[in-house]
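In: requesting a structural model of the entry that follows:
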Amino acid sequence: GISKDRISDFACSFLKSFLIDFTIDQCERLGIPTQREKIANVWDPRLRTFGSGEAMLPIDPTDGRPLLLVPKRWLRFVPWINFDDYFEKHCPQDEISHTPDTLTRVEVLNYNRDNYGIVSAYVKSKERSLADAQNDPLFSQIPVRSARNKYMLIKKLPTGKTDGADIKYEEATCQLLPSLLYPNMDFAAAQARTDSGVSIRDLIFYNTRRSPFLQEIFNDYGSRQVTFEMKNVAEIERTHVDQLNRYLADELGRFGILVTRNPLKKAIMKRTIDLWSGQRKAIVALTDTDIEQMVEVFDSKQREPIDVITKKYAEFRRACP
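Out: Residues are numbered from 1 along each chain as shown. Alright, predicted model coming up:
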């Protein structure tokens, strides 16, 4: 279950003994329930062979299998030379298939076996640009293909709460937006509670003030933090606007963003304008179309995704008296 083979299957087999000890330690620290389970294929460095044993491990509630935890620092970064980067930017897809969207990993690997020069040229180009591989130790963006896949997941979800669609919508959006908005908005926190525990904001960002737009909302609305509220509904209602309005207090600032599926109706748009007129609070809505545009510019790198929010804010201000 470890994505992108950031730790190979071979490595996991030899590291299983360490991972068992790490898992037990973390479960004791965090109070995660465990039970005694048999573990097969544990490498014994003294005997230089694989054996079996028992350990107190957490259990996957969906299938009853024991779980091993992995240190987050091992998974934080994508390797500088990796398949996703090769597939996106270097693989000559048209030579393999005229339908790149359906191109499979197996087809690419088969092509590489017969055209090793392509792979060799990719590796050499990455080695020449090794100095560019400077990771932010506090954040790692999701790759472009994952961003597109995450958006497609959002787009396919129905509105409402059927089969937990509202929770899936919030989870997917909270995973996508931090990558789209980094580094202009950073240190995202999902389901952030107030000190009193009364209010829970769906997603909140620290305003780094890196762009003129972020500096403007800091100056005009005191927004040291920027609050996002996700609503997986077919139509935004007044109660949704009022809920976000209550969050926009002085400690957070008076600028907030509603993330929803469809554009605001005229009456709801008027409600947001009235809030600006009476209380100088600004509420901007991002729809599925806006999120798709953010993914597009994230992919093309022609502009920054935060420019989509800047555009929406400019449209909002033009509608204000």
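In: which stretches in this protein count as strands?
Out: Along the chain, counting by DSSP state E, strands occupy 35-44, 49-57, 185-193, 200-207, 225-231, 255-260, 282-286.
In: of those strands, which is nearest residue 168?
Out: The closest of the strands of the chain to residue 168 is strand 225-231. By Cβ to Cβ, the value is 10.8 Å. (Each C-beta comes from the backbone N, C-alpha and C, glycine too.)
In: partners of that closest one in the sheet?
Out: The pairing partners recorded for strand 225-231 under DSSP bridges are strand 200-207 (antiparallel), strand 255-260 (parallel).
In: give me the contact list for that strand.
Out: Defining contact as Cβ atoms under 8 Å, 6 or more residues apart in numbering, one finds that strand 225-231 is touched by 169-170, 173-174, 177, 185, 201-207, 217, 240, 243-244, 247-248, 252-253, 255-261.
In: and residue 306, how many neighbours?
Out: When neighbours are defined as other Cβ atoms under 10 Å, residue 306 has 20 of them.
In: in the longest helix anywhere in the chain, what's buried?
Out: Using DSSP state H to define each element, the chain has its longest helix at helix 9-30. The neighbour-count criterion (16 or more other Cβ atoms under 10 Å) identifies 15-17, 19-20, 23-24, 27 as the buried residues of helix 9-30.
In: picking up where we left off before, most neighbours per residue, which of the strands paired with strand 225-231?
Out: Of all the strands paired with strand 225-231, strand 255-260 has the most neighbours on average by mean count of other Cβ atoms under 10 Å, namely a mean of 24.
In: and the angle from that strand to strand 282-286?
Out: Per axes from the mean of the first three to the mean of the last three Cα atoms, to 10 degrees, the angle that strand 255-260 makes with strand 282-286 is 30 degrees.
In: and the strands paired with strand 225-231 as a markdown table, adding mean pLDDT and distance to residue 144?
Out: Listed next are these as a markdown table, based on pLDDT from 0 to 100; distance: least, Cβ to Cβ, whole Å:
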| stretch | mean pLDDT | distance to residue 144 |
| --- | --- | --- |
| strand 200-207 | 82 | 21 |
| strand 255-260 | 96 | 21 |
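In: right, and those strands - which one's nearest residue 155?
Out: strand 255-260 (13.2 Å).
In: picking that back up, can you say which two of the buried residues of helix 9-30 are spatially most distant?
Out: Farthest pair in the buried residues of helix 9-30, by Cβ to Cβ: 15 and 27, 17.7 Å.
In: before we move on, back to that, hey, least reliable of the strands of the chain by pLDDT?
Out: Comparing mean pLDDT across the strands of the chain, the weakest is strand 185-193, with a mean of 76.
In: where are the low-confidence patches of the stretch 101-250 of the chain?
Out: The model of the stretch 101-250 of the chain has pLDDT under 70 over residues 101-102, 131-140, 191-201.
In: helices along that one, start to end?
Out: With DSSP state H, counting those that start in this stretch, the ranges of helices along the stretch 101-250 of the chain come out as 105-114, 116-128, 144-156, 165-181, 212-221, 238-247.
In: who wins for proximity to residue 285 among these?
Out: Using Cβ to Cβ, the helices of the stretch 101-250 of the chain put helix 238-247 closest to residue 285, at 9.2 Å.
In: now do the buried residues in that closest one.
Out: 240-241, 243-245, 247.
In: again, but for stretch 222-236
Out: Here stretch 222-236 shows 222-223, 225-233, 236 as buried, counting by 16+ other Cβ under 10 Å.
In: residue 63: which of those residues is nearest?
Out: Among the buried residues of stretch 222-236, and counting by Cβ to Cβ, the member closest to residue 63 is residue 232, at 28.2 Å.
In: now the farthest one out in the protein, which residue is it?
Out: Distance from the C-alpha centroid of the chain peaks at residue 47, with 43.1 Å (Cα atoms, centre = their mean).
In: can you tell me how far that residue is from residue 18?
Out: Distance of residue 47 to residue 18, given as Cβ to Cβ, to the nearest Å: 16 Å.
In: cool, and residue 40?
Out: Taken as Cβ to Cβ, the span from residue 40 to residue 18 is 16 Å.
In: nearest to residue 125, of the buried residues of helix 9-30?
Out: Using Cβ to Cβ, these come closest to residue 125 at residue 15, 31.6 Å.
In: stretch 70-83: how far from the chain's middle?
Out: In this view, stretch 70-83 has its centroid 15 Å away from the chain centroid, taken as Cα atoms, centre = their mean, to the nearest Å.
In: brilliant, that's me finished.
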